[in-house]
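J.: this one's structure only:
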């Protein structure tokens, strides 16, 4: 029986410290919802989860980009629908003006509306979306994904040009005479055919973009799930561990108290 060195008390204190540390770690996991309370818990998992988080953030940005491009294309089609209405009315006016029973004075009356409709189309050709021209011969690139190397994956969106020859021939026509009206009618029919093709391309663009947006959402959800499996705590499992550590801390505290009492038995021998 010894007094100076209480080995039992030292062992009990060490075990109590370990249990207390484990309890605090469990408490932190439950309070934060994260399985990785500190970096040493899972160094590799923490690094991988950060990569997943960054990629999910980029995918959210890409999905926003695609959504903006869908709005861009829908705006294009909205304007083109107005162009279609204008061309339809212009073709009607041109057809009326080919009537040989009408005088040039009559055609001049039709020509006023015909000219105004042409100017509407010309005006629409110069419209923009947040500073970006809606109608141009060039294409627009939209980023939809990124590789591990960081290079953006883009798709090209074809814009249609309302300033092309097919449209300018129609808007530049006149119906001042029966012969001019016949020529104007031919030009307008060509413009209508071109417009139908252009709107079909815009519809295809929107369909492609919608598919890309859904694909991005699927990838984002899968990456989020993978990240969750790495860092998110299983509350049921951790709650059981928390209760276990609580019991160990309480029993460790009680045993440390008992270990500190044991050397006092030596007093009986001295007394």
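T.: Thanks, I have the structure now. Quick caveat: nothing in here was measured; it's all calculated off a predicted structure.
J.: looking at it, residue 75 is touching residue 134, isn't it?
T.: Yes: using C-beta atoms under 8 Å, residue 75 is in contact with residue 134, at 6.3 Å. In this view, the C-beta of every residue, glycine as well, is placed from N, C-alpha and C.
J.: Comparing the two, which shows the higher neighbour count?
T.: The neighbour comparison of residue 75 against residue 134 (other C-beta atoms under 10 Å) goes to residue 134, with 21 against 16.
J.: show me the contacts for that one.
T.: For residue 134, the contacting residues are 72, 75-76, 79, 127-128, 159, by C-beta atoms under 8 Å, 6 or more residues apart in numbering.
J.: just the strands in this protein please.
T.: Secondary structure of the chain (DSSP state E): strands at 128-129, 132-133, 139-146, 152-158.
J.: Same list (those) but as a markdown table, adding mean neighbour count, distance to residue 216 and mean pLDDT.
T.: Putting these into a markdown table (neighbours: other C-beta atoms under 10 Å; distance: least, C-beta to C-beta, whole Å; pLDDT from 0 to 100) gives the following:
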| stretch | mean neighbour count | distance to residue 216 | mean pLDDT |
| --- | --- | --- | --- |
| strand 128-129 | 14 | 21 | 93 |
| strand 132-133 | 14 | 21 | 92 |
| strand 139-146 | 16 | 6 | 84 |
| strand 152-158 | 15 | 11 | 84 |
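J.: and residue 225, which of those is closest to it?
T.: strand 139-146 (17.8 Å; C-beta to C-beta).
J.: Which strands border that closest one, and is each parallel or antiparallel?
T.: As defined by DSSP bridges, the strand partners of strand 139-146 come to strand 152-158 (antiparallel).
J.: Would you agree residue 156 is in contact with residue 139?
T.: Yes: under the criterion of C-beta under 8 Å, residue 156 makes contact with residue 139 at 4.5 Å.
J.: circling back to that earlier point, neighbour-wise, which of the contacts of residue 134 leads?
T.: With neighbours defined as other C-beta under 10 Å, the most crowded of the contacts of residue 134 is residue 76; it has 24 neighbours.
J.: Which parts of the chain are helices?
T.: Taking DSSP state H, the helices of the chain run over residues 7-32, 43-97, 104-125, 165-171, 178-231, 235-261, 266-270.
J.: Redo the strands of the chain as a markdown table? Include distance to residue 234.
T.: Output for the strands of the chain, formatted as a markdown table (distance: least, C-beta to C-beta, whole Å):
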| stretch | distance to residue 234 |
| --- | --- |
| strand 128-129 | 47 |
| strand 132-133 | 48 |
| strand 139-146 | 31 |
| strand 152-158 | 35 |
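J.: Go through the ones you listed and name the closest to residue 205.
T.: Nearest of the strands of the chain (C-beta to C-beta): strand 152-158, 5.3 Å.
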